[in-house]
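Colleague: requesting a structural model of the entry that follows:
(chains A, B, C and D)
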Protein chains: 2
Amino acid sequence: MTIKRTPKRLKLGRKSVSELVVVRLILYRRILRDLAFSGTRYVFSHQLAALADVTPEQLRRDLMNVRYEGSPTRGYEVVVLEECIGAFLDPPTAQAVALVGVGNLGRALFAYFLGRRPLLQIVAAFDIDPAKVDRMINGCPSYHISEARTVMREKGINVAMIAVPAAAAQSVADTLVDAGVRSLLNFADVRLRLPPDVYVEHIDIGVTLEKVAFFARRPAAAEKDMGSP
Amino acid sequence: MTIKRTPKRLKLGRKSVSELVVVRLILYRRILRDLAFSGTRYVFSHQLAALADVTPEQLRRDLMNVRYEGSPTRGYEVVVLEECIGAFLDPPTAQAVALVGVGNLGRALFAYFLGRRPLLQIVAAFDIDPAKVDRMINGCPSYHISEARTVMREKGINVAMIAVPAAAAQSVADTLVDAGVRSLLNFADVRLRLPPDVYVEHIDIGVTLEKVAFFARRPAAAEKDMGSP
DNA sequence: TTTTGTGAAAGAGTTCACAGCC
DNA sequence: GGCTGTGAACTCTTTCACAAAA
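Modeller: Just a heads-up that it's a prediction; the model follows:
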């Protein structure tokens, strides 16, 4: 009966993909890498789905976004599928990442990225503490935050991680956006207010732990996860 | 035409609430605390919604889960609403939390919980490194992981955070479940396979950064966030 | 057979739109 | 007027179920 029409959401880039699909594709690829490393040649959707903790139907639907078809007899060829997902996900060229805040969390992030992820490298760290500035940290130069604009333009950085105390996060984010950042990963437990063309992802540890504690006292009903990323 | 019937998902606890609603309620409460601290007495839904980066309609719908009604003239009374959300979210008694892995990330987590969150306290830390075991870390005793079962039973811990290398995470998780944990927050970048009555939340930093990097190179379409937690 | 890829249906979550109230 | 609470509509996501393939 309703004659409504809400066109909305014109495709972005080539074809519009939801964040949920992107996250799962990233996850599938990681699992495929492990499989390839352990010598597996082929996987069926139900096997890969089990490893990723999703249903086989969901996996297959997600893979429709990638240009690759499996064989009904052998399933998916591990390395080929991994490459096809990569072709979909990866930037044409490596992306440089900045890290702001070199406290415990910042150092943990450095440790995380040591060795892996050649396409995403932390190439600059920032802080305000004079003791942490103008040094090399895990092979990466650190600067005072006041130099952000210059350094980030120079190195062409457009992705940054914020690992500073909550009180400083908004001002740091403003500085980064001013320095040309397009996309942010924020670990401080404040919601950042930024221009709509900047993509922000919050990893809110406090909220997440409260959530986990909340669901720790449910009756006994099995509930699925597939949560944060 | 289809005569299908899929009853499914019987309510859990009192009334079934989705994870998304729980996360947002936790977020609203944090913002209400800040507002109360800064002396604000009343908020309208559109103000609180703006601070939480959701629509006013969504905020109001989320609040339907909480036993509290606002006034059309003054909006919501900050401290009262905060308390009502607390009554919904909080455990009847404080919850004890364990932390496994006292590396950089583990120490960052300690720093995170210093002072705040009186209802969620890290009361035991575990590691395998002899240098980190049988000491006090931020006022919290640390034990070898082999003592987990005893210590956790003794202290009645049923929530744990896993901050160990990926290779060790599954085995740690198995140990914890054996020790009676009902709910886990996992920071290692592996998907844990656990019995369905254990609630698991993954904070997968690698996946999340790849996601952020992916969305850093979108055309220019404004996309909302409200992501991981 | 068992598996893949995919329309179609179901289920979740969000937004619209309006009644009722101050 | 401007606000809240909420049924109804809408949109997004997942699951079902089946044709086609090897």
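Colleague: for chain A, which spans come out with low pLDDT?
Modeller: A:1-15, A:219-229 (pLDDT under 70).
Colleague: anything in the host helix or strand of A:Ala213 near chain B?
Modeller: Per DSSP states H and E, A:Ala213 falls inside helix A:205-216. Yes: judged by C-beta under 8 Å from any C-beta of the partner chain, helix A:205-216 comes into contact with chain B at A:Ile205, A:Gly206, A:Val207, A:Thr208, A:Leu209, A:Glu210, A:Lys211, A:Val212, A:Ala213, A:Phe214, A:Phe215, A:Ala216. From N, CA and C alone the C-beta is placed, and that goes for glycine too.
Colleague: tabulate these (TSV), appending distance to B:Ala173 and neighbour count.
Modeller: Output for those, formatted as TSV (distance: C-beta to C-beta, whole Å; neighbours: other C-beta atoms under 10 Å in any protein chain shown):
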residue	distance to B:Ala173	neighbour count
A:Ile205	18	23
A:Gly206	22	19
A:Val207	22	22
A:Thr208	17	24
A:Leu209	16	26
A:Glu210	20	25
A:Lys211	18	24
A:Val212	13	25
A:Ala213	17	26
A:Phe214	20	23
A:Phe215	16	21
A:Ala216	15	19
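Colleague: which of those residues sits closest to A:Tyr28?
Modeller: A:Thr208 (22.9 Å; C-beta to C-beta).
Colleague: picking that back up, what is the nearest of the residues of helix A:205-216 next to chain B to B:Arg149?
Modeller: Using C-beta to C-beta, A:Ala216 is the member of the residues of helix A:205-216 next to chain B that lies nearest B:Arg149, at 17.9 Å.
Colleague: list the contacts for the closest one?
Modeller: B:Gln95, B:Asn158, B:Val159, B:Arg182, B:Ser183, B:Tyr199 (C-beta atoms under 8 Å, 6 or more residues apart in numbering or on different chains).
Colleague: measure the nearest residue to the second one once chain neighbours are set aside to A:Val133 for me?
Modeller: Spelled out, that is B:Asn158. Sequence neighbours aside, B:Arg182 is the residue nearest to B:Asn158 in space, at 4.5 Å (criterion: C-beta to C-beta, 6 or more residues apart in numbering or on different chains). According to C-beta to C-beta, to the nearest Å, B:Arg182 and A:Val133 sit 44 Å apart.
Colleague: can you check A:Leu59 too?
Modeller: 46 Å.
Colleague: what packs against the longest helix along chain A?
Modeller: In chain A, assigned by DSSP state H, the helix with the most residues is helix A:19-37. Judged by 3 or more C-beta pairs under 8 Å, 6 or more residues apart in numbering or on different chains; DSSP states H and E, helix A:19-37 is in contact with helix A:45-52, helix A:56-63, helix A:78-89, helix B:205-216.
Colleague: pick the most buried one from those helices.
Modeller: helix B:205-216 (a mean of 23; mean count of other C-beta atoms under 10 Å in any protein chain shown).
Colleague: relative orientation of that one and helix A:19-37 in degrees?
Modeller: Angle of helix B:205-216 versus helix A:19-37, following axes from the mean of the first three to the mean of the last three C-alpha atoms, to 10 degrees, is 130 degrees.
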